[in-house]
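K.L.:
Need a 3D model of the sequence below.
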Amino acid sequence: MEIERLKKLANDARKDLVNFLRDMVRIPSLSGQEGKVAQRVKEEMEKSGFDEVFLDGIGNVVGRIGTGRIRILYDAHMDTVDIGDRKSWRRDPFAADYKGGIVYGRGACDDKAGVACAIYGGKLIVDLGVKGDFTLYVAASVEEESAGGKGIAYLLEKDRLNPHFVLLAEPTSLNIVRGHKGRVGVKVSLKGKSAHAGTPWKGINAIYKMARLVEKIERLNKKLPSFPPLGKGTISVTKIECERASLNAVPDNCAIYVDRRTNTRETLERVKRELSALMGSEGKLEILPKFFRAWELPRKHPLVISCRESFMNLFGTNPKVLLWPFCSNGSYTMGERMIPTIIFGPGEERFTHTTFEQVKVEHLIKAAMLYALLPDMISGKYKEIFSSRIIL
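P.N.:
Residues are numbered from 1 along each chain as shown. Okay, here's the model as predicted:
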């Protein structure tokens, strides 16, 4: 691929790329409410010259370029978290302000920037006339924030895209992420005995019981073992709730929600045993909604090397190759399905889910260029490895 021509086309597309991202940011798209933004995404894919574009049964938008043997999937999600208290935003979260080379607003970073760049990476491939031995699928998926993997699971199980490689276009500060911790959400409920608050000794305060359990969980976090390569797991209490008859009654119930991050050696059974040991014979433990596996792709895997060399060819520097403490659709693609997966995208992690969410336009241009170069790099450099099926 002609690198200088790619760079010129990418910079020529700057205005259109920014305007497309701003259009998406202006359309609220909470999980399960992606319909309007999906139509805008579909329109942009069609305008960009994709060979095929379709909206699937769950609401994912899928575009295809090429018909080569090596199948590559780029996935970015259209849904966002809620804005929270609107008064805490200095800028309108849906105005998509553009100032000083930065686009602001909910979803600007996580993950509509990834959607925009993946599509424009495909557009650059079309505009350059690249005809490598690859089939590139670009998917704008639904319900990543609320259902962790529901959209991408549909792509693989129902749409049957069956990729050999996956790139998740999440905000990584243009670093290459080759693995991350797993995650499991747990609801723990304890019962007490109700009584009038004027005679509390006649009841059993469920909040007090839960407070003691919360302290045990805090101590457990410090004791969790560390295993390479992902290091130490974590456990955090993220929410507490209590249903009560009135404010002057001793509560007879209390529940907490726990976020447990795991390394590659920690299983769901282990997490259950840990919490059950702290709870003793009391209470109820409920998994919410599933166990998202930790995963790691070897540093010398062809996909990691291809992405690293693409970055070096474009920008003349060595990218950082990292392991993440966060969780993504990679828990499904690599953790469950064992499809070689990396994460690379525009935007800084520190701006995700915040009231000052933003993305640099320079990140957009660079990500789109890498997305355009990577499929040809994989199909050209690793054709022999693909043919021998040594891809893990």
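K.L.:
Quick one: residues contacting S306.
P.N.:
By Cβ atoms under 8 Å, 6 or more residues apart in numbering, the residues touching S306 are 374, 377-378, 381-382. (Each C-beta comes from the backbone N, C-alpha and C, glycine too.)
K.L.:
So it, which state does it fall into?
P.N.:
Classification of S306 using DSSP: H, G, I helix; E, B strand; the rest coil returns helix.
K.L.:
same question, L190
P.N.:
Under three-state DSSP, L190 comes out as strand.
K.L.:
Now, the contacts of S306 that are in helices?
P.N.:
374, 377-378, 381 (DSSP state H).
K.L.:
For the contacts of S306, could you give me CSV that also reports distance to V214, neighbour count and pLDDT?
P.N.:
Formatted as CSV, those follow (distance: Cβ to Cβ, whole Å; neighbours: other Cβ atoms under 10 Å; pLDDT from 0 to 100):
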residue, distance to V214, neighbour count, pLDDT
L374, 46, 27, 98
M377, 50, 21, 94
I378, 48, 27, 93
K381, 52, 14, 72
Y382, 50, 19, 66
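K.L.:
and A368, what element?
P.N.:
Using DSSP states H and E, A368 falls within helix 361-381.
K.L.:
And the strands in the stretch 251-392 of the chain?
P.N.:
Assigned by DSSP state E, counting those that start in this stretch, the strands in the stretch 251-392 of the chain fall at 253-262, 284-292, 295-296, 321-324, 341-343, 358-360.
K.L.:
Partner strands of the fourth one and their direction?
P.N.:
Going back to what we said before, that points to strand 321-324. strand 176-180 (parallel) (DSSP bridges).
K.L.:
The strand it pairs with vs helix 361-381, what angle?
P.N.:
80 degrees (axes from the mean of the first three to the mean of the last three Cα atoms, to 10 degrees).
K.L.:
Now do strand 176-180, average pLDDT.
P.N.:
Averaged across strand 176-180, pLDDT comes to 98.
K.L.:
Kindly report the same for stretch 275-292.
P.N.:
Per-residue scores along stretch 275-292 average to 92.
K.L.:
What's the end-to-end length of it?
P.N.:
Terminal residues of stretch 275-292 lie 18 Å apart, using Cα to Cα, to the nearest Å.
K.L.:
Okay, buried residues for it please.
P.N.:
Neighbour counts over stretch 275-292 (16 or more other Cβ atoms under 10 Å) mark 275, 278-279, 283, 290-292 as buried.
K.L.:
Tell me which residues are up against that stretch.
P.N.:
For stretch 275-292, the external contacting residues (Cβ under 8 Å, 6+ apart) are 147-149, 182-191, 209, 213, 216-217, 220, 257-258, 268, 271-272, 327, 331-332, 335.
K.L.:
which of those are buried?
P.N.:
Looking at the contacts of stretch 275-292 with 16+ other Cβ under 10 Å, the buried ones turn out to be 148-149, 182-186, 188-190, 209, 213, 217, 220, 257-258, 268, 271-272, 327, 331-332, 335.
K.L.:
Might you specify the subset of these located within helices?
P.N.:
Of the buried ones among the contacts of stretch 275-292, the ones assigned to helices by DSSP H are 209, 213, 217, 220, 268, 271-272, 331-332.
K.L.:
Quick check: of the residues you listed, which lies closest to V61?
P.N.:
Of all these, V61 sits closest to Y332, with 18.5 Å by Cβ to Cβ.
K.L.:
how much distance is there from stretch 59-68 to the middle of the chain?
P.N.:
With Cα atoms, centre = their mean, to the nearest Å as the basis, stretch 59-68 stands 20 Å off its chain's centre.
K.L.:
show me the contacts for the residue lying closest to G192 once chain neighbours are set aside.
P.N.:
Distance criterion Cβ to Cβ, 6 or more residues apart in numbering; nearest residue to G192, sequence neighbours excluded, is A206 at 3.3 Å. The contact partners of A206, taken as Cβ under 8 Å, 6+ apart, are 190-192, 242, 251-254.
K.L.:
A206 and K191, how far apart?
P.N.:
Counting by Cβ to Cβ, to the nearest Å, the gap from A206 to K191 is 6 Å.
K.L.:
same thing with G132?
P.N.:
Distance from G132 to K191, by Cβ to Cβ: 62 Å.
K.L.:
Where do the helices of the protein begin and end?
P.N.:
3-12, 14-25, 35-47, 112-128, 144-147, 150-157, 206-223, 268-279, 302-315, 330-333, 361-381, 383-387.
K.L.:
just checking, what packs against the first one?
P.N.:
For helix 3-12, the elements it packs on are helix 112-128, helix 302-315, helix 361-381, judged by 3 or more Cβ pairs under 8 Å, 6 or more residues apart in numbering; DSSP states H and E.
K.L.:
okay, those helices in a markdown table with distance to T67 next?
P.N.:
Below are the helices and strands packed on helix 3-12 laid out as a markdown table (distance: least, Cβ to Cβ, whole Å):
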| stretch | distance to T67 |
| --- | --- |
| helix 112-128 | 13 |
| helix 302-315 | 20 |
| helix 361-381 | 12 |
